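*Asks:* Predicted coordinates and the sequence they were generated for:
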Amino acid sequence: VAARGEVHVGALTPPSPPGPEARTVTLALNLPQEAEGRQVRLVLVDDRGEHLVYEGEGRGGLRVSGTYEAVGEARFRLYMDGELVQEWTP
């Protein structure tokens, strides 16, 4: 509301800086022999959360590969029978 030539404005908020852009990460993994017969879960974790890459009964030497979209810092995590056994950055 302006009175007698006064102007009142709300606080100006500067625009947020742009977030990290999506990028492609590549995975090429041969499951270790100790994966044989165990429940295997492989996930990709990035700024958006956790994304399932593979889940199933493990077979030693099984190759899991592909390209995946990631935003920000990305890490792969390999679980066997619910236990984290390996984590790495692509």
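*Replies:* Yes, it's here. Numbering: from 1, shown residues only.
*Asks:* Contact partners for Gln33?
*Replies:* By CB atoms under 8 Å, 6 or more residues apart in numbering, Gln33 lies in contact with Gly60, Gly61. Any C-beta I mention is one placed from the backbone N, CA and C, and that applies to glycine too.
*Asks:* so how far is Pro20 from it?
*Replies:* With distances taken as CB to CB, to the nearest Å, Gln33 is found 37 Å from Pro20.
*Asks:* low-scoring stretches of the protein, by residue?
*Replies:* Counting by pLDDT under 70, the ranges of the chain that qualify are 1-17.
*Asks:* Show me the helices in it, by range?
*Replies:* For the chain, applying DSSP state H gives no helices.
*Asks:* Show me the strands in it, by range?
*Replies:* For the chain, the strands defined by DSSP state E occupy 22-30, 39-46, 49-57, 63-71, 75-80, 83-88.
*Asks:* Now tabulate the ones you listed in a markdown table and tack on mean neighbour count.
*Replies:* Below are the strands of the chain laid out as a markdown table (neighbours: other CB atoms under 10 Å):
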| stretch | mean neighbour count |
| --- | --- |
| strand 22-30 | 13 |
| strand 39-46 | 18 |
| strand 49-57 | 12 |
| strand 63-71 | 13 |
| strand 75-80 | 18 |
| strand 83-88 | 12 |
